[in-house]
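**Student:** Fold the following for me, if possible:
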Amino acid sequence: MSVLMILATVLVLAIAAFLLSRQRALASSGGNPRDLHSLPAYYGWYGALSVLIPALGALVLWLILQPMVIESRISAALPDSLVADATQRELTMADVRRVAGGLDAAVEQGEMTADEAAMIRTEFTDVRDRLAKVGVALGSNVTAPVLSAAQDYRELASWGAAGRTAVVIILAALGLFWGVTRAHKDFRARNRVEQVILGLLMVASSIAILTTVGIVWSMVSETFDFFSKYPIQDFFFSLTWSPNFRGGSELGILPLIWGTLYITLVSMLVAVPIGLYAAIYLAEYASKSVRNWVKPLIEIIAGIPTVVFGIFALVTVGPALRDWFAEPLGLGNSGSSVMTAGIVIGILNIPFISSLSDDIINAVPQSLRDGSLGLGATKSETVKQVILPAALPGIVGAILMAASRAIGETMIVVMGAGAAAKLSLNPFEAMTTMTVKIVGQLTGDTDFAAPETLVAFALGMTLFVITLGLNIFALWIVRKYREQYE
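**Tutor:** As a prediction, the model looks like this:
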């Protein structure tokens, strides 16, 4: 039974538990809801949750653990030559999964029977050619150990699917029985349902926290692996970025940090004034009809894909800056530059700053405006001395969000600023950022044990620290001005 069918079955059982539990609770009170401890719906929800929580919990746990158990058993049975190290093991298991998926596709499309898929051998059949007929492309010929492992993988996955179905349906049925039998007029259903909801909220918060911890841990562990193979002082203090997968790489991060901060600075010089002034105008000066037209038009920018902005930078902004400024001033002759990427990223960030700042300014209590105007302040003085200080924490948050988006932007930088890692003050020269190089180092057929690949994690960790520093600085600014305002 597929996962979707299991979910549908569990949902049907949950609906049945809801109706039966509610009906049983009402029956225990003689049909009078006033004699129940809780509202009838709470008894129904308790029954439904008794089905959903154990069944879905078991399903999620099974889906997480099953691949790990199967791959552990399959890799243990493979020849030592195919699992000599972690990298080789991962590549082999990827081939095994690909072949197993291809056999499943061939059976589903009628290219071969289930028995043939279980008995096929490389000595008598060109497995690669057979799987190509069902749209599964393999990079090389399938070896006998890989095919055998793929067949074992399919068999274990089949047994796992059967066990998963049985366990989930049994737990759902037991939950239905438990929820219905507990439904009685004296049962505190509301308290139990609220406890369950509180637990779910705590689980959701824990997942968010654990996800952050997992991201940081994965970055830290790979970063330490990189520094065990490449000198840390060369990484942080070298002025040259020249990776070479044949060895002899120079992986200095300073040019990448400079390019990242330079492009971010230019984008903020474009986005912050325009976005903030637009927000002030829309919130304090624009009429209702103008606001209803202008605000949606500004927010349309946020829905444009970044690759479209990249094309805009490549075709329009870059050549215009080159022809009108760079070449006449003798500052360069290329359309790819810091200024090109910075301006386009700034345009991209205008709606983030404008919309968030507009909402924050509108959230300032009207009594503050009325008090300021009543004391004789002008409209502009009220905006400058009352409204903006009151909205400053939210505005700083909006600016920080835009800065984080600018730091993490990749496509616009690739198409608008080029890929040159250099240190220069000329804004009309091509430069690049850390995000672009992270993508570059992890793209293609690379060795994940090589420093040239692991450096991507060190770049990501450095980017994380920079962003964290920006957050701390923003909090300091917010607290300083908030205390001054209060």
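**Student:** could you pull out the strands for the stretch 101-250 of the chain?
**Tutor:** Counting by DSSP state E, counting those that start in this stretch, the segments of the stretch 101-250 of the chain that form strands are 241-242, 250-251.
**Student:** tell me which residues in stretch 204-219 are buried?
**Tutor:** Under the neighbour-count criterion of 16 or more other Cβ atoms under 10 Å, stretch 204-219 has M219 buried. For the C-beta atoms, the positions are set from N, CA and C on the backbone; glycine is no exception.
**Student:** Hmm, A94 and V146 touching each other?
**Tutor:** No. Counting by Cβ atoms under 8 Å, V146 stays clear of A94, with 10.2 Å between them.
**Student:** in stretch 98-105, what counts as buried?
**Tutor:** Those would be 98-104, for stretch 98-105 by 16+ other Cβ under 10 Å.
**Student:** and it, how far out from the chain's middle?
**Tutor:** Taking the mean C-alpha point of stretch 98-105 and that of its whole chain, the gap between them comes to 29 Å (Cα atoms, centre = their mean, to the nearest Å).
**Student:** Turn the buried residues of stretch 98-105 into JSON lines, columns for pLDDT and distance to E155.
**Tutor:** Conversion of the buried residues of stretch 98-105 to JSON lines gives the following (pLDDT from 0 to 100; distance: Cβ to Cβ, whole Å):
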{"residue": "R98", "pLDDT": "77", "distance to E155": "17"}
{"residue": "V99", "pLDDT": "76", "distance to E155": "13"}
{"residue": "A100", "pLDDT": "77", "distance to E155": "10"}
{"residue": "G101", "pLDDT": "74", "distance to E155": "14"}
{"residue": "G102", "pLDDT": "74", "distance to E155": "15"}
{"residue": "L103", "pLDDT": "76", "distance to E155": "11"}
{"residue": "D104", "pLDDT": "74", "distance to E155": "12"}
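**Student:** can I get those in JSON lines with distance to G47?
**Tutor:** Rendered in JSON lines, the data for the buried residues of stretch 98-105 read as follows (distance: Cβ to Cβ, whole Å):
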{"residue": "R98", "distance to G47": "44"}
{"residue": "V99", "distance to G47": "45"}
{"residue": "A100", "distance to G47": "40"}
{"residue": "G101", "distance to G47": "39"}
{"residue": "G102", "distance to G47": "44"}
{"residue": "L103", "distance to G47": "42"}
{"residue": "D104", "distance to G47": "37"}
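**Student:** Out of those, which comes closest to H37?
**Tutor:** D104 (51.6 Å; Cβ to Cβ).
**Student:** Could you measure from the closest one over to R154?
**Tutor:** In this structure, D104 and R154 are separated by 7 Å, where distance is defined by Cβ to Cβ, to the nearest Å.
**Student:** Flag the shaky bits of the chain, pLDDT-wise.
**Tutor:** 1, 83-84, 87, 116-117, 122-142, 444-447, 481-486 (pLDDT under 70).
**Student:** Please parse it into its domains.
**Tutor:** Described in terms of automatic domain parsing, the domain architecture of the chain consists of the residue ranges 3-187, 241-485.
**Student:** Can I get those domains in a markdown table including distance to I232?
**Tutor:** Listed next are these as a markdown table, based on distance: least, Cβ to Cβ, whole Å:
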| stretch | distance to I232 |
| --- | --- |
| domain 3-187 | 23 |
| domain 241-485 | 9 |
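**Student:** mind checking which of those is nearest V203?
**Tutor:** Nearest to V203 among the domains of the chain is domain 3-187 (9.8 Å), distances taken as Cβ to Cβ.
**Student:** ok, and the closest non-adjacent residue to S242?
**Tutor:** With Cβ to Cβ, 6 or more residues apart in numbering as the criterion, S242 has its nearest non-adjacent residue at 4.4 Å, and that residue is E250.
**Student:** Can you name the residues that contact the one you found?
**Tutor:** If you count contacts by Cβ atoms under 8 Å, 6 or more residues apart in numbering, E250 has them with 234, 238, 240-243.
**Student:** May I ask which of these has the most neighbours?
**Tutor:** Counting by other Cβ atoms under 10 Å, W241 has the largest number of neighbours within the contacts of E250, with 21 neighbours.
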